[in-house]
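Peer 1: Here is a sequence together with a model predicted from it:
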Amino acid sequence: MRRTRGVLYPARLPEFHRLPPEANARDLTVWFWIPEWNVEPGRSSRQDIVGYPALNLVVEQGAVTLSGATTRASHRDLSGSGWAVGALLRPAAVATLADDPAALVDDEAIIDAPDLVSAVGAAMRTGAGHRARAVTAFSDWLAHRVGRIDGAASQANALVDVLMGDHAADTVEEAATRLAVSVRTLQRLAHRYVGISPAAMIRRRRLQEAAERLRLDAGLDLSALAAELGYADHAHLTRDFRSVLGIAPRTYRAAAGEEPAEGAGP
């Protein structure tokens, strides 16, 4: 998965880092994401995101929040100064954190984890290398919390790799064939470990790819893009864009093209 695919307006990001997990958490986390911001008084920085179909575990402001998969674009307005350390979770990490991931879709829950808050907070308050130390502390906590992963959790990880990774499957049936399981098994794994259906995961990947391609190529033909990404036609792509982002692809492309250069102010 490309690291800016889910960010709709990358030039608006505060100082933002994505770091790989430690070896003990590679089956549990795709990456850790760490924004740090210091916005001028009286101003704010809006972050628009169409998230990956996955759960995120986030340490911020003395609390730990588990956020479910999303079905629509979301935003957050940053003000003042602060930081967050989040883990984009792989399915294998989910079972010990949420009994029913589907109940967290477009929602979030507070996780009682004072030891994680303490460890990550202490790391972020240190000097140079603080982000790497925060990732180490977070990785260690996850590895201890989850323990040994079972066969179903490993299958769920493979499911997400097939649906969201490089050379991803275009249909649920193709994904099931690659994994040598039934479509029904695929659906059960997605419900238990992600909270949304495999078909919804494919739709989200296509939409993220469409948004990224539109940002990078101002002259891209929308009909050709729709065909390349597996949409029935240009109208299908437009409906999907509107249903999730609330705007048409052409409108989004124009707005993304007007963004300030990377590294500019909020």
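Peer 2: That came through, no problem. A quick note: this is a predicted structure, and the numbers were derived from the prediction, not measured.

Peer 1: Report the secondary structure state of the residue nearest to the spatial centre of the chain.
Peer 2: By C-alpha atoms, centre = their mean, the chain has its centre lying nearest to residue 52, at 3.5 Å. Following DSSP: H, G, I helix; E, B strand; the rest coil, we place residue 52 in the coil state.

Peer 1: Now do the phi/psi pair for it.
Peer 2: Note on residue 52: backbone dihedrals following degrees, to the nearest 10 are phi -70, psi 150.

Peer 1: Just confirm it contacts residue 164, I think it does.
Peer 2: Yes. If you go by C-beta atoms under 8 Å, residue 52 and residue 164 touch, sitting 7.0 Å apart. For glycine as for every other residue, the C-beta is placed from the backbone atoms N, C-alpha and C.

Peer 1: picking that back up, so for the residue nearest to the centre of the chain, what's the pLDDT?
Peer 2: With respect to pLDDT, residue 52 has a value of 80.

Peer 1: Can you tell me how far it is from residue 33?
Peer 2: Taking C-beta to C-beta, to the nearest Å as the criterion, residue 52 is separated from residue 33 by 11 Å.

Peer 1: Which neighbours do those two have in common?
Peer 2: Here residue 52 and residue 33 share the contacting residues residue 88, scored by C-beta atoms under 8 Å, 6 or more residues apart in numbering.

Peer 1: any low-confidence regions in the stretch 151-266 of the chain?
Peer 2: Scanning the stretch 151-266 of the chain for pLDDT under 70 picks out 257-266.

Peer 1: all helices for it, in order.
Peer 2: Here the stretch 151-266 of the chain has its helices, by DSSP state H, counting those that start in this stretch, at 151-164, 172-179, 183-193, 198-216, 222-228, 234-245, 249-257.

Peer 1: any idea how far the second one is from the chain center?
Peer 2: Okay, so that is helix 172-179. Relative to its chain's centre, helix 172-179 lies at 23 Å (C-alpha atoms, centre = their mean, to the nearest Å).

Peer 1: Give the other helices and strands that that helix contacts.
Peer 2: In terms of contacts (3 or more C-beta pairs under 8 Å, 6 or more residues apart in numbering; DSSP states H and E), helix 172-179 is packed against helix 151-164, helix 183-193, helix 198-216.

Peer 1: relative to helix 151-164, how tilted is it?
Peer 2: In terms of direction (axes from the mean of the first three to the mean of the last three C-alpha atoms, to 10 degrees), helix 172-179 departs from helix 151-164 by 130 degrees.

Peer 1: Contacts for helix 172-179 next, please.
Peer 2: By C-beta under 8 Å, 6+ apart, helix 172-179 touches 155, 158-159, 162-163, 169, 182-183, 185-187, 198-199, 202.

Peer 1: Turn these into a markdown table, including neighbour count and distance to residue 139.
Peer 2: Output for the contacts of helix 172-179, formatted as a markdown table (neighbours: other C-beta atoms under 10 Å; distance: C-beta to C-beta, whole Å):
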| residue | neighbour count | distance to residue 139 |
| --- | --- | --- |
| 155 | 18 | 23 |
| 158 | 18 | 21 |
| 159 | 26 | 23 |
| 162 | 20 | 25 |
| 163 | 27 | 24 |
| 169 | 22 | 29 |
| 182 | 10 | 34 |
| 183 | 14 | 34 |
| 185 | 15 | 30 |
| 186 | 23 | 29 |
| 187 | 16 | 31 |
| 198 | 25 | 28 |
| 199 | 15 | 32 |
| 202 | 21 | 29 |
